[in-house]
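# Kindly return the folded structure for what I paste below:
(chains A, B and C)
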Amino acid sequence: MLLLMKNKRMFIDKFFRYVFLGFIGVALLILAVLLYDVFSAGIKMLDWDFLTRFDSRFPEKAGIKAGLFGTLYIIALMIPITFIVGISTALYLEEYAPKNMLTNFIRLNIANLAGVPSIIYGMLGLGILVRTLALGRSVLAGSLTLSLLVLPVIIVSAQEAIKSVPASLRNASYAMGANHWQTESKVVIPTALPSIITGFILAISRAIGETAPLIMMGALTFVMFTPEHIMDSFTVMPIQIFNWTSLPKKEFELVAAAGSSVLLTVLFILNGLATFIRYHYSSKY
Amino acid sequence: MYNWGDLMKTSILDNTEKEKSKASIFKRIFYHLFDEKIRYMSSGNNKNIWVNYLLILTTAITLFTTVGIIFILLSNSYHFFKEISFIDFFTGTVWNPLIKPNTAYGVIPLVAGTLMVTLGAALIAIPIGLGSAIYLTEYASPKFKKIVKPVMEILAGVPTVVYGYFALTFITPRILKPIFPNIMTFNALSASIAVGIMILPMVVSLSEDAINAVPSKIRSAAYAMGSTRFEVASRVMVPAALSGIGSSFILAISRAIGETMIVAIAAGMRPQLTASFLKPIQTMTGYIVQVSLGDTPVGSLDYYTIFAVGLLLFLMTLSLNVISYFILKRYREVYQ
Amino acid sequence: MAEINKIEVKDLDFYYDEFQALQDINLEIKENKVTALIGPSGCGKSTFLRTLNRMNDLIEGNRVEGKVIFDGEDIYNKDTDVVELRKKVGMVFQQPNPFPKSIFDNVAYGPRIHGIKKKGELNEIVERSLKGAALWDDVKDRLHESGLSISGGQQQRLCIARALAVKPEVLLMDEPASALDPVATAKIEELIDILKQDYTIVIVTHSMQQAARVSDNTAFFLMGVLVEFDKTERIFENPSDQRTEDYITGRFG
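Reported below is the predicted structural model:
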């Protein structure tokens, strides 16, 4: 092969091209195998009953209803909190904050918070929300814990979105005599909104998959009810899946797979939605 | 000719003026949170300045979060270190806090377990991730990218509990068992692989960003001198993006250190010092999950151990994150 | 017709931090005339244009000395309401920069932020402004399509319509045709000719032919200094300063 190539440099170039392509291939292959593994096992258990049944000590009677509802409640509470706080913080940092030591520290702090292990947020939730503020192991406490966890991610992605609004639009607005808030609320935020929402959906789907912080703050693993009130205790889908993987009975592997299939399906729908919004609006600015 | 600063001080801070001693601190902090220019641009008729207050209020939440984390970790660890000395904690090689009476509080086995998994994950994610990033930036057609990038995002969006399930039910029995017949059900290797897969999309996308941030005129110059694509990538683009790429590696490693569910499911719960990836181990995060799943009474020494371990975990990831932040910041300044 | 001074600039200096971008500028902008600002890039002509509606205020570290008298008042006076000033002194930018909103909403933006909410009134303003910018016939059937869906030349006329909607007295144009093809450029130039009946226009241009075609008066800037300011014919036919002649004849720039 080497002899056939006239040029050694060209051979090296070709060789690494296929090596790198191979790496991407490996990544895609892993994803394919993972999805096949989960869904092919999951499908055996997956039916309407699985979605509408509570958990059970018998694998064939186990269902994910409690987790499904718990996740829904948690997310429903998170959305308004994180959306408002996330956008306003990003707006402050990009459009209002002066550049000085204090605001630089705020930026560094947010970058660092984005990298704090999620289980540490669980400790924060346990220490401050569950105990000090006496919210108990409630939907509210869980939802606030996850809100704090995903806020840095939402803030950073909203900052990027706001940054990408061209300065020319701001100038046009000021030149018409608009003041700062009019420019932000009528031009900058509407222009950045599609990418803000894309980042927001991705962050929320990350929260849906989070397990460790909720286990840490004391969400239950075996639940036979759906929460009716924000102060009720709860479980979420990933915790149920975790619980099933840790049970000794082999059949629970199938239950875990079925739970994972439901969880992944929810996440894919959200992911698809985010991608759709991105491509649908990216042609404009 | 205008001193917006003076204007602002008088209007915002009049009220706090009375409490002189305290006011001076507030005054200084507040002063640094307002941009003089914005204040002026919010004016004309001067009525939208309330927005600025509101935004500062929400931004403060991020600071409270950090303060809260540090407070919780320190105050609870304090109770732990009242009983166990720093030396025993940091130099002890046996970790057995839960089974009485032979309790031992040496954190080294947990740290070693964490580092093993992290090392394994990095060995997988870094070469594959960097190679993929180079392919995407230097070789791939726009169409290829348009397909691959969303797929990578899916990989990034798979919950860690599913990766854990995958490690336990697929990687170990179907991939590793045929190669290493004596591998245990719970082992460090499968967790390493799964954590590696988990951080892979992060390495790819951050390295890709770093390479893309290199001005394309540098690339054009290299091509204009007759370089092959591999030469452009390996001798020009990657070296030029090196600090950005390095910072992405550090972030990925920090993420691997803090990863919890994969190791809790697949790596086992045995804190031991071993060089074998085929045996069960326990990581710092794995230990924290184990305790929080049990019915450890609040206020017991067992309960405080998780905060001491958590504090160590926080400090490890914090230092990596800060290093990565400053490398990246300097890198961005170079290319702006 | 007697020429009235719409804007008088007196001893104007402008600094970006330490750098002095404009030095001792004195000139008068005549009402209902087109004043062109020419000069090589970096000469301060755009900076000067932006001192007239205080857009430079948005730039970090700026400092202004001297006076810009508009309708008898110094706009750098402490009591000046910048909102009112910018309402009266509209601006069109180099790149067409419509908002990513509908054509209607683009034009209605200014009136809305200045408090006009009635639908009927807005409709009227939008129609009048689009007609004023010679765009009405092109877009009247698709007012609710995105302002980004029309061609570049149309987008620039949309930006002109947007500026007209707040009923300015002066229009500042910063190289309004530099991003456009020759046909669209010609249309903008025709439009400028019509607009000067109702508005005072100040235009920055890098094209001397354009300055010669559209303007009544021309100011030549070089390195932050106003070298020469006179009737356009005089500047182009018989300039009094050697540097102006060198620039006009293409010896530098």
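
# Run through the neighbouring helices and strands of the helix ranked longest in chain A.
Counting residues, the longest helix in chain A under DSSP state H turns out to be helix A:8-42. With contacts defined as 3 or more C-beta pairs under 8 Å, 6 or more residues apart in numbering or on different chains; DSSP states H and E, the secondary structure elements packing on helix A:8-42 are helix A:252-282, helix B:108-134, helix B:142-157, helix B:160-166, helix B:188-212, helix B:229-231. Bear in mind the C-beta positions are built from the backbone N, C-alpha and C, glycine included.

# Specify the stretch among those helices that is closest to A:Ala212.
Checking the helices and strands packed on helix A:8-42 against A:Ala212 by C-beta to C-beta gives helix B:160-166 as the closest, at 7.8 Å.

# what helix or strand does the residue of the stretch 51-200 of chain C found nearest chain B sit in?
Across the stretch 51-200 of chain C, the shortest distance to chain B (C-beta to the nearest C-beta) belongs to C:Val83, at 3.5 Å. Assigned by DSSP states H and E, C:Val83 belongs to helix C:82-88.

# Show the subsequent helix or strand relative to that helix.
Scanning the chain past helix C:82-88 towards its C-terminal end, the next helix or strand to appear is strand C:89-92 (assignment: DSSP H and E).

# Contacts only, for the spatially most central residue of chain C.
Central residue of chain C (C-alpha atoms, centre = their mean): C:Leu172, 1.4 Å from the mean position. Each residue near C:Leu172 by C-beta atoms under 8 Å, 6 or more residues apart in numbering or on different chains is listed here: C:Leu49, C:Arg50, C:Leu52, C:Asn53, C:Val89, C:Gly90, C:Met91, C:Val92, C:Val202, C:Ile203.

# same thing with A:Ile277?
Taking C-beta under 8 Å, 6+ apart as the definition of contact, the neighbours of A:Ile277 are A:Pro194, A:Ile197, A:Thr198, A:Ile201.

# now A:Val223
By C-beta under 8 Å, 6+ apart, the contact list for A:Val223 reads A:Phe54, A:Asp55, A:Ala66, A:Gly67, A:Gly70, A:Ser233, A:Phe234, A:Thr235.

# doesn't A:Ala161 make contact with A:Glu94?
No - taking C-beta atoms under 8 Å as the contact criterion, A:Glu94 and A:Ala161 are not neighbours in contact, 9.2 Å apart.

# Those two: which is more packed in?
When A:Glu94 and A:Ala161 are compared for neighbours, A:Ala161 comes out ahead with 24 against 19, by other C-beta atoms under 10 Å in any protein chain shown.

# Surely A:Ile24 touches B:Lys149?
No - between A:Ile24 and B:Lys149 there is no contact, the gap being 10.6 Å when judged by C-beta under 8 Å.

# between these two, what contacts are shared?
Residues touching both A:Ile24 and B:Lys149 comprise B:Leu136, with contact defined as C-beta under 8 Å, 6+ apart.

# what residues are up against the residue nearest the centre of chain A?
Most central in chain A under C-alpha atoms, centre = their mean is A:Arg206, positioned 1.7 Å from the mean C-alpha point. With contact taken as C-beta under 8 Å, 6+ apart, A:Arg206 is in contact with A:Val150, A:Val153, B:Gly157.

# ok, now how distant is the last one from chain A?
Read it as B:Gly157. Note on B:Gly157: its distance to chain A, by C-beta to the nearest C-beta, to the nearest Å, is 5 Å.

# Give me the neighbour count for that residue.
One way to gauge burial is a neighbour count; for B:Gly157, by other C-beta under 10 Å, it gives 19.

# my guess is it contacts A:Ile204, does it?
No - with the criterion set as C-beta under 8 Å, B:Gly157 and A:Ile204 do not qualify as a contacting pair; they are 10.9 Å apart.

# Figure out the helix or strand that A:Thr202 lives in.
If you look again at residue A:202, you'll see it is Leu, not Thr. Following DSSP H and E, one finds A:Leu202 within helix A:189-209.

# what's the next secondary structure element after that helix?
Next element after helix A:189-209 (DSSP H and E): helix A:212-217.

# Now do the helix or strand just after that following helix: distance to the chain's middle.
Where DSSP H and E defines the elements, the next helix or strand beyond helix A:212-217 is helix A:237-245. Taking C-alpha atoms, centre = their mean, to the nearest Å, one finds helix A:237-245 lying 18 Å from the centre of the chain it belongs to.

# where in the chain is pLDDT low?
By default, I'm working from chain A. Per-residue confidence for chain A (pLDDT under 70) gives these ranges: A:1-6, A:282-285.

# my bad, chain B
In the predicted model, chain B carries pLDDT under 70 at residues B:1-28, B:36-47, B:336.

# one step back: got the buried residues for the longest helix of chain A?
Residues of helix A:8-42 classed as buried by neighbour count (16 or more other C-beta atoms under 10 Å in any protein chain shown): A:11, A:13-14, A:16-17, A:20-24, A:26-28, A:30-31, A:34-35, A:37-39, A:41-42.
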